[in-house]
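Enquirer: Starting from these lines, generate the structure:
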Amino acid sequence: MTPAISLQNVSKFFGRTAALREVTTSFARGRLYTVLGENGAGKSSLLRVIAGLATATSGSVQVFGASPRDSLSRIGYMAHASMLYDEMTALENLRYFAGLYGIEDDARLEASLAAVGLDAKLERRVGEYSQGMRQRASLARAMVHDPEILLLDEPFSNLDTAASRDVVALLAKL
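Expert: As a prediction, this is how the structure comes out:
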């Protein structure tokens, strides 16, 4: 079976500094993987290259047999930063990002928010959210288009124990 993600000799340099050096690996479909490493080890760079948000300096990356750029609609990416608009509510943020995928179904957006433990009717702007609430809204944004691959950069940061358990349960269900 063709792997969902395949990397062959992938390197990523920032000037003279190597974030990734000749990484060769693959990831099967339907599995949950955790990438561990110290700060600055290249974990975020690896996720950004797979997501098509950064280009490898050398090597090749395939997502479902195509380039990451050709697979964008099949990938959900949650960065360490929330990538949400502070002046909008969570639902407004999801409407905006879902629109990029041609999704206009508010019930679907509300279900994405409910799946991460947020109330779509909450009128508070994201800029007024706690860090944990922002993290959950960011996860809803990454999932809104029902991607086949979810790339999550530090999904548990800023979450309390109960919210972390909820995210684990959600990921297990997915």
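Enquirer: which secondary element of this structure has the worst mean pLDDT?
Expert: helix 161-173 (a mean of 85; mean pLDDT, DSSP states H and E).
Enquirer: Flag every buried residue along it.
Expert: In terms of neighbour count (16 or more other C-beta atoms under 10 Å), helix 161-173 has its buried residues at 163-164, 166-167, 170. All C-beta spots, glycine's among them, are computed from the backbone N, C-alpha and C.
Enquirer: Please apply the same query to stretch 43-53.
Expert: 43-52.
Enquirer: would you turn the residues you listed into JSON lines with distance to residue 151, secondary structure and pLDDT?
Expert: Below are the buried residues of stretch 43-53 laid out as JSON lines (distance: C-beta to C-beta, whole Å; DSSP: H, G, I helix; E, B strand; the rest coil; pLDDT from 0 to 100):
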{"residue": "43", "distance to residue 151": "11", "secondary structure": "helix", "pLDDT": "95"}
{"residue": "44", "distance to residue 151": "10", "secondary structure": "helix", "pLDDT": "95"}
{"residue": "45", "distance to residue 151": "12", "secondary structure": "helix", "pLDDT": "96"}
{"residue": "46", "distance to residue 151": "9", "secondary structure": "helix", "pLDDT": "97"}
{"residue": "47", "distance to residue 151": "5", "secondary structure": "helix", "pLDDT": "97"}
{"residue": "48", "distance to residue 151": "9", "secondary structure": "helix", "pLDDT": "96"}
{"residue": "49", "distance to residue 151": "10", "secondary structure": "helix", "pLDDT": "97"}
{"residue": "50", "distance to residue 151": "6", "secondary structure": "helix", "pLDDT": "97"}
{"residue": "51", "distance to residue 151": "5", "secondary structure": "helix", "pLDDT": "96"}
{"residue": "52", "distance to residue 151": "10", "secondary structure": "coil", "pLDDT": "94"}
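Enquirer: Do you have the strands of this structure handy? List them.
Expert: 5-14, 17-27, 58-63, 75-78, 149-152 (DSSP state E).
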